[in-house]
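Chemist: I would like the atomic coordinates for the input below:
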Amino acid sequence: MEFEKIENALKKGEGEEVRIRGWIYRKRRTGKLIFAVIRDSSGIIQTVVEKGKVSEEEFNDAKKALIESSVEVEGIIHEDERAPGGRELHVTKFRVVSFAEDFPITEHQSVEFLLDNRHLWLRSRKLTEVMKLKSEILRFIREWFHENDFYEVTPSVITMNAAEGGATVFSFDYFGQPAYLSQTAQMYLEAMIFSLERVWSLTPSFRAEKSRTRRHLIEYWHLEAEEAWVDNKKNMDLQEEMISHVCRRVAEECKPQIEFLGRKAEELKAIEPPFPRIKYERALEILREKGFEIEWGDDFGVPHERALVEEEEKPIFVTNFPVEAKAFYMKIAPDGKTVECADMLAPEGYGEIIGGSEREESIESMIERLKKDGANIENYEWYFDLRRYGSVPHSGFGLGVERLVYWIAKLDHIRDATPFPRLLRRAYP
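Modeler: Presented below is the predicted three-dimensional model:
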């Protein structure tokens, strides 16, 4: 008899034989009965080991096995409403593959303790469901890009350019030359649109930001796209179509995961274009009406973003930020004081999940803005070449995958959207 996943075993009828393997998730003993809840990647099932129904050695092994011991179990399915999933497995064979030591994680542990033992806490049901959901979200993203004629590419994460400003980059010595860990693959993607026209990538990005908010990671997975012949308006259209596609597919195929995590499928099905769009100038007015003291050029913090979406059920775009507040590569709008950009803010106070813009085509404008930031202009000569040889209107955007998961999964903190979170002063394990 072949081993099968627990989720399939739970679909079997009364009296059917099954064979499963996994790890002991919970265990208790009552007289001659041992109740061991077994987990695998697909779910949990309660097994009942009864003295006399298995060999004495197997019963003693079941009695001795602690939580997280790995096991192989054969038995007969019995329907029982009291058991998880409405069925339990009455054991006929019980083999311990590896006896676990006392598991260090018990109830009511501190966040720091769980982070110190992240390699073990990943076995928790919550993180298991989050990682399964994240895997599916990535699949749906790839699905959308493929359906919309984008090519996936693989840019470097070692760069000579500090694209988002030198204050938040990790620098290192690259064989005698100063280099950085990438903050964004954007400029490399721009180079590739002149042959492939529509490209996207998924790479790690690094931001040396001394932030302790619930939505900041030092290292995160950065999904970025770049499109030739696209202005900022069409760029926003593409973003909302992608987010809508992902939300709809999650609602269709990930209902067990999102419901376990507290999200209703109907909420995600309602995420359909068009998303509301307001200019930065109007956003300031809204915030002032709500009692915030905020001036032209100020960036939005968590309270500001939460206030802007508190009446919304789907994401919104805030467009046309001031020139001085955004990067040198964003196209200056006709008004001369704003750029053709947009930040997508998730509802429920989850904050910015996408930043995008139309790209500047004027080399002179970019040089002027870079000089104000004290940048080494020579490092950008290759980037200026993209404008010298057949430049076209083009736009792009970047999405923080963990922020998307953070919102869709209704997490309390972004650290649970990644297996091994890199936070301020934490790079272990």
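Chemist: buried ones in the helix or strand where residue 287 lies?
Modeler: Element membership for residue 287 (DSSP states H and E) is helix 280-289. Across helix 280-289, burial judged by 16 or more other CB atoms under 10 Å covers 280-281, 283-284, 287. Where you see a C-beta, it was placed from the backbone N, CA and C, and this is true even at glycine.
Chemist: same question, stretch 68-76
Modeler: Residues of stretch 68-76 classed as buried by neighbour count (16+ other CB under 10 Å): 68-71, 73-76.
Chemist: what's the answer for stretch 354-370, then?
Modeler: Neighbour-count burial for stretch 354-370 flags 354-360, 363, 366, 369-370 (criterion: 16+ other CB under 10 Å).
Chemist: mind checking which of these are in helices?
Modeler: 363, 366, 369-370 (DSSP state H).
Chemist: export those residues as a markdown table, with columns for distance to residue 43.
Modeler: Compiled in a markdown table, these are given as follows (distance: CB to CB, whole Å):
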| residue | distance to residue 43 |
| --- | --- |
| 363 | 57 |
| 366 | 53 |
| 369 | 54 |
| 370 | 54 |
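Chemist: show me where the stretch 1-150 of the chain has its helices.
Modeler: Along the stretch 1-150 of the chain, the stretches classed as helices by DSSP state H, counting those that start in this stretch are 6-9, 56-64, 111-116, 118-121, 125-147.
Chemist: could you point out the longest strand of the chain?
Modeler: The longest strand of the chain (DSSP state E) is strand 17-30.
Chemist: for it, give the mean pLDDT please.
Modeler: Here strand 17-30 scores 97 as its mean pLDDT.
Chemist: one more: stretch 422-429?
Modeler: 94.
Chemist: what's the end-to-end length of it?
Modeler: Taking CA to CA, to the nearest Å, the first and last residues of stretch 422-429 lie 9 Å apart.
Chemist: what's the neighbour count on the nearest residue to residue 156 once chain neighbours are set aside?
Modeler: Nearest non-adjacent residue to residue 156, counting by CB to CB, 6 or more residues apart in numbering: residue 188, 6.7 Å away. Neighbour count of residue 188, defined by other CB atoms under 10 Å: 23.
Chemist: of the buried residues of stretch 354-370, which is the nearest to residue 95?
Modeler: When these are ranked by distance to residue 95 (CB to CB), residue 354 comes first, at 49.5 Å.
Chemist: quick check: the closest one touching residue 346?
Modeler: No. Counting by CB atoms under 8 Å, residue 346 is not a contact partner of residue 354; they are 9.1 Å apart.
Chemist: give me the contacts around the longest strand of the chain.
Modeler: 1-6, 9, 12, 34-40, 44-45, 63, 65-77, 89, 92, 97, 100, 123, 125 (CB atoms under 8 Å, 6 or more residues apart in numbering).
Chemist: quick one, it and helix 125-147 angle?
Modeler: Between strand 17-30 and helix 125-147, the angle comes out at 150 degrees (axes from the mean of the first three to the mean of the last three CA atoms, to 10 degrees).
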